[in-house]
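> Sequence first, then the predicted structure, then my questions.
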Amino acid sequence: MKKIIFILLIIAILVILFYPKNSGGVLCGPDCPPTGLNSYEKSCFGIKVRDSFADGFEDLCFGIIYGSEQCYGRRHGTKAPKDELLPCNYPPFEQETGLSNEVDDIDNNVDDNIIDFTIKDIKDVFYFSDGGTTGFITEKENGEEFKFCFDGRMFVGSDPPPPRHFFINATHPTSEGAERLDTDSPEEIALIASLDNWLVTNYPAGELFRLLEIDTVVGLTEEELKPYRILNIVGLPLMTQ
């Protein structure tokens, strides 16, 4: 009798341990936005089986789940976004601006406490020979001058290369008063949203696609260079799905 109870106990423990548990899957759907989080995974000590379906997938762990949850997705503002490991609290900025001149108010997605980055006009663009830093002098909606830049400096011997950042209040990261924006911070997202807004307000979709495909600035006019430089930093504005 004791032997039977012992066997049943072992079976019960094995069933509990190896009963299939969810260890990953999609975080959006059926139509995921072009950027932001889209899936998560948990480590599995045992056998992991992936069940794929039309709107995504679900991972099942036949074993023990351990460790913290890891999230994956595509960063906002990337030109050729690829899935990568992101913080699980990555901001779900899913503003659908579309590529037309009828633009939603992007500022609705920005915290009221964040600095106002709303750009009315881009006055000048500088491209530095330090590897590719791009500086901008713009005019905000309230008429104030606003300077910022995207760090493209070349760091010899750095492998992998350091992450690139936006800097505000200066046209170059080394200029006096330059203030770095942290990657994926609300401020950086607000600045990228403002650039998206400026692009779709001032240029039709076809022109943005044409400029993005250009490999050289030779022959571009000064007015074409402005959107060209922005597109090569943030990519096309988020498109309506």
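Here it is on my side, so go on.
> alpha carbons only for contacts and neighbour counts from here, please
Noted.
> ok so residue 148 is a strand residue?
Yes - applying DSSP: H, G, I helix; E, B strand; the rest coil, one finds residue 148 inside a strand.
> How far off centre is stretch 134-143?
Centre-to-centre, stretch 134-143 and its host chain are 23 Å apart (Cα atoms, centre = their mean, to the nearest Å).
> So what's the model's average confidence on that stretch?
Averaged across stretch 134-143, the pLDDT comes to 91.
> which residues sit against it?
117-128, 145-152, 170-172, 229 (Cα atoms under 8 Å, 6 or more residues apart in numbering).
> Can I have the buried ones of the residues you listed as a ChimeraX selection?
To isolate the buried ones among these in ChimeraX, judged by 16 or more other Cα atoms under 10 Å, type:
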select :117,118,119,120,121,122,125,126,127,146,147,148,149,150,151,152,170,171,172,229
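> Out of the contacts of stretch 134-143, list just those in helices.
residue 229 (DSSP state H).
> Next, the buried residues of stretch 186-203.
Result for stretch 186-203 [16+ other Cα under 10 Å]: buried residues 186-201.
> Pull up the pairing partners for the strand or helix carrying residue 39, direction included.
Per DSSP states H and E, residue 39 falls inside strand 36-53. Using DSSP bridges, strand 36-53 pairs in its sheet with strand 21-26 (antiparallel), strand 56-74 (antiparallel).
> Of the ones you listed, which stretch is the most buried?
Mean neighbour count (mean count of other Cα atoms under 10 Å) peaks for strand 21-26 among these, with a mean of 20.
> quick revisit: quick one: which of the contacts of stretch 134-143 sit in strands?
119-127, 145-150 (DSSP state E).
> of all those residues, which two lie farthest apart?
120 and 127 (20.9 Å; Cα to Cα).
> now stretch 165-181: mean pLDDT?
On average, stretch 165-181 scores 92.
> tell me how far the ends of it are from each other?
Chord length of stretch 165-181, first to last residue, is 6 Å (Cα to Cα, to the nearest Å).
> Return the set of buried residues in it.
165-173, 178-181.
> Angles on the backbone of residue 236, please.
Reported as degrees, to the nearest 10, the phi and psi values for residue 236 are phi -70, psi 150.
> So what sits opposite the closest residue to residue 25 other than its chain neighbours in the bridge?
Spatial nearest neighbour of residue 25, chain neighbours left out: residue 58 (4.3 Å); criterion: Cα to Cα, 6 or more residues apart in numbering. Note on residue 58: beta-bridge partners by DSSP bridges are residue 25, residue 51.
> Go ahead and confirm residue 58 touches residue 48.
No - using Cα atoms under 8 Å, residue 58 is not in contact with residue 48, being 10.3 Å away.
> Got the domain ranges for the protein?
2-86, 106-234 (automatic domain parsing).
> weakest of those domains by average pLDDT?
domain 2-86 (a mean of 73).
> Kindly check the end-to-end length of that domain for me.
OK, domain 2-86 end separation, Cα to Cα: 51 Å.
> now do stretch 179-193
Criterion Cα to Cα; first-to-last residue distance in stretch 179-193 is 19 Å.
> next one: it to chain centre, how far?
11 Å.
> nearest spatial neighbour of residue 39, skipping sequence neighbours?
That would be residue 26: by Cα to Cα, 6+ apart, it lies 4.1 Å from residue 39.
> and that neighbour, what does it touch?
Here residue 26 is in contact with 38-40, 56-58 (criterion: Cα under 8 Å, 6+ apart).
> now do residue 46
18, 61-64.
> out of those, which one sits closest to residue 9?
Nearest to residue 9 among these: residue 18, at 14.1 Å, using Cα to Cα.
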